[in-house]
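In: Would you be able to build a 3D model of this:
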Amino acid sequence: MRLSLKTKFTLAISLLVLAVVAVVSGLYLGQLTKQVLRQSEDRASFVAQQVFLACQNALSDAAERGETPASSNPADLREYVHRALDNSSTLNSLMESAVGYTKTIYEITITDRDGIVLISSDSGLRGQKIAARPDVRSFVHQQGFFQELRTLYGPPQVYEYSLPFNLGQSKFGDIRIGLSSALIRDEISPSLEKAGYYALGSVLLSTFLAFLVTRVSLAPIDRISAQLDRISAGEFDFEPVERTDELGKVSAKIVGIGKQLRDVREIFSTLRENLDQVMGGLEDGLLLFNSEGRAVLVSPSVEKFFGGRASELQGLRVSEIFPPGHAVRNVLHINGDEIEPIEGAELTYVAGPGPDRIGLSAQVIREHGARMGTLVTLRDVESLERIGNQLQVSERLAALGRVTAGVAHEVKNPLNSMRLWLEVLKANMPTDPEPQQAVKMLDSEIDRLDRAVKTFLNFTKPVELRLEETDIRPLLQDVIDAARPSIVKAGVDLRVDLPSEFPSLLLDQQLIHQAMLNLVLNASEFTPRGGRITLALRRSSDTAIISVADSGKGISPEDQKKIFQLFFTTRPGGSGIGLANAFRFVQLHNGQIEFESEVGRGTTFRVELPLAHSVEMAAGKVRDFSTPFAEDKKINAQP
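Out: Sure, this is the predicted structure:
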């Protein structure tokens, strides 16, 4: 039977109270038992002392009456003491009253040295020899609580308290006080029963109170459960339980979680819509199967290959989508609901509603060696061939661009002729200001046009890379040496952070030298006097990252979009070629250049170049962004 939370709380509190009551009751009963036993021992000791005094008085009275032993023989002495004690009414009355009024005393006996009873509260024992009984001290002081209870509630047993007395200088006998375990039990039982009733009443009362407290305290749980049910039903807007205790906090957190779930649901819905849009824009058909062979993702473009609706295929097994006899089944090597990996297969599928030639590939997705699923890709081979034709057209257009560059080269010759004839014209012109101004203007425009044509020719000229395995650190040191005069002239502090060891790179040293020099010089020109430039090198996975950070005025947001465009510059007298060339040279090395700038605080350029052993993977390069760019800038900017 499944118990509710309230019942569990009630039982737990009741058991806890029961345990506490049991411990406290046990301690109380132990102390009570110990106290009764000690009181019994004290009474026995007191009675023994009284009897001892009465015996002395009885012997004194006998001596005053002139009674003496017949001789010093032990038998005569025993007879004398027995007669004196037996004739003492005080002693006999004391013994009878002690036995009668003391509940725990079983008997009082006076014996001689040999254990023969001289006088006793039990007349049947007179003249008999009795054996020694267990000492009451061993019962009171040497046993634990449970042993004491076992003794008291076991078979009746008599314990003895013994007090020796002398006759003259030698011991004559003992005063023995017998204590019965049954009498002690009868005295302590009422107190034990009362304590048991109190303990039982405490447990019952605590159980009832625990039930009430639990019912009141856990009442909000029903409302919290209702809140969870509303969240499960998709309702997220409700008020928390108005309490200041932990349950109120839990309810408030559930409300917060509900709002977060609502936001996540909206985000997920948006992502699902975006994913559907992306999938809808794909030309390739994608079918993703899980480890059980069920389709969990089907792109809409699958419809053009096989017909039907993509939503109808989702959830079906591989054997249901590609039944026996299906043309795709023979190509994909399907075994039950598992698809074996395959690449570059081609199928002529005339019966389909889409293209006749279909390219097929199947990739098995694994995680930690376990098969997680399979991704099947369908491609329109005919469309790919059309795209190839379009690329050929693009190459022709690129060739046309090179022809345009040749035309620009031809423009240089007329410009040179125009400059020569302009010089002749200058020599034969009158000295009037207006003609001279016109000639000067023509000369300036020819110079500007000549610079533009040279720059265009240099930028469009194909670059032949001379790659060689290079240690980048000496190259960067050469860049620093080349830029040092400009940095000193600008009054800027240069800081360099190069590691002691670094893997080699496959570079055209001249191009990378020129690209990095352009970045350093550009930083020195835009950093005010007293500022700082930091050049740093570090490694991230298979990539070398070179950063140039300055504390200059930064780049405005509107200029950041045009910073790498040819002829764009914000510096008076600048050509707008340096950053464009740097961008071009880095791209030629399958690298990437990016920057981050904040107006009034400076700019950081970062150049990423592949290491030598990873150049062969450049076509499928994966960048490592494990270290954020802002954090990298912070590291490089440290003194």
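In: And the spatially most central residue of the chain, how close does it get to residue 226?
Out: By Cα atoms, centre = their mean, the chain has its centre lying nearest to residue 257, at 18.8 Å. According to Cβ to Cβ, to the nearest Å, residue 257 and residue 226 sit 15 Å apart. (Each C-beta comes from the backbone N, C-alpha and C, glycine too.)
In: Quick check: closest non-adjacent residue to residue 477.
Out: Closest residue in space to residue 477, ignoring its immediate chain neighbours: residue 498 at 7.7 Å, by Cβ to Cβ, 6 or more residues apart in numbering.
In: so what's the one you found up against?
Out: Counting by Cβ atoms under 8 Å, 6 or more residues apart in numbering, residue 498 makes contact with 473, 476-477, 536-537.
In: Can you list the buried residues in stretch 86-105?
Out: Neighbour counts over stretch 86-105 (16 or more other Cβ atoms under 10 Å) mark 88, 91-92, 94-95, 98-99, 102, 104-105 as buried.
In: Show me the shaky parts of the stretch 251-400 of the chain.
Out: Scanning the stretch 251-400 of the chain for pLDDT under 70 picks out 272, 274-283, 306-308, 349-356, 382-400.
In: ok, back up a step: OK, contacts around the residue nearest to the centre of the chain?
Out: residue 231.
In: before we move on, the earlier item: now intersect the contacts of residue 498 with the strands, please.
Out: Counting by DSSP state E, the contacts of residue 498 place 536-537 in strands.
In: Tell me which helix or strand in the chain has the weakest average pLDDT.
Out: Taking mean pLDDT, DSSP states H and E as the measure, the helix or strand of the chain with the lowest value is helix 629-636, at a mean of 42.
In: still on that earlier bit, hang on, the residue nearest to the centre of the chain in a strand?
Out: No. When classified by DSSP: H, G, I helix; E, B strand; the rest coil, residue 257 is found to be helix rather than part of a strand.
In: part of a helix, is residue 127?
Out: No. Looking at residue 127 with three-state DSSP, it is coil, so not inside a helix.
In: From residue 120, how far off is it?
Out: 10 Å.
In: Over to residue 187?
Out: Remark: distance between residue 187 and residue 120 (Cβ to Cβ) = 23 Å.
In: Give me the more crowded residue out of the two.
Out: Taking other Cβ atoms under 10 Å, residue 187 and residue 120 do not tie; residue 120 has more neighbours (21 against 15).
In: nearest residue to the more buried one other than its sequence neighbours?
Out: residue 109 (4.1 Å).
In: how many other residues sit next to that neighbour?
Out: By other Cβ under 10 Å, 25 other residues sit near residue 109.
In: what does the one 5 residues further on give?
Out: Residue 114 has 9 neighbouring residues, counting by other Cβ under 10 Å.
In: what's the answer for residue 271, then?
Out: Neighbours of residue 271 (other Cβ under 10 Å): 11.
In: Can you say which helix or strand has it in it?
Out: Per DSSP states H and E, residue 271 falls inside helix 246-281.
In: what does residue 161 give?
Out: Here residue 161, judged by DSSP H and E, is contained in strand 158-167.
In: Extract the CA atoms of that strand and return them as PDB.
Out: The C-alpha coordinates for strand 158-167 follow below in PDB (Å, rounded to 0.1, in the frame of the first residue of the first chain):
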ATOM      1  CA  VAL A 158      16.300 -13.400  48.800                       C
ATOM      2  CA  TYR A 159      19.300 -11.100  49.100                       C
ATOM      3  CA  GLU A 160      21.000 -10.400  52.400                       C
ATOM      4  CA  TYR A 161      22.500  -7.400  54.100                       C
ATOM      5  CA  SER A 162      24.900  -8.600  56.800                       C
ATOM      6  CA  LEU A 163      26.300  -6.600  59.800                       C
ATOM      7  CA  PRO A 164      28.800  -8.400  62.100                       C
ATOM      8  CA  PHE A 165      28.900  -7.900  65.900                       C
ATOM      9  CA  ASN A 166      31.500  -8.800  68.500                       C
ATOM     10  CA  LEU A 167      31.500 -10.300  71.900                       C
END
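In: can you pull the buried residues of the helix or strand just after that strand?
Out: Remark: after strand 158-167, the chain's next helix or strand is strand 170-180, criterion DSSP H and E. Using 16+ other Cβ under 10 Å as the test for burial, strand 170-180 gives 172-180.
In: Given strand 170-180, what are its sheet partners and their directions?
Out: Sheet partners assigned to strand 170-180 using DSSP bridges are listed as strand 105-112 (antiparallel), strand 158-167 (antiparallel).
In: Quick check: the farthest pair among the contacts of residue 498?
Out: Based on Cβ to Cβ, the longest span within the contacts of residue 498 runs between 477 and 536 and measures 13.3 Å.
In: Which one's more surrounded, the two?
Out: In this view residue 477 and residue 536 are compared by other Cβ under 10 Å, and residue 536 has more residues nearby, 23 against 13.
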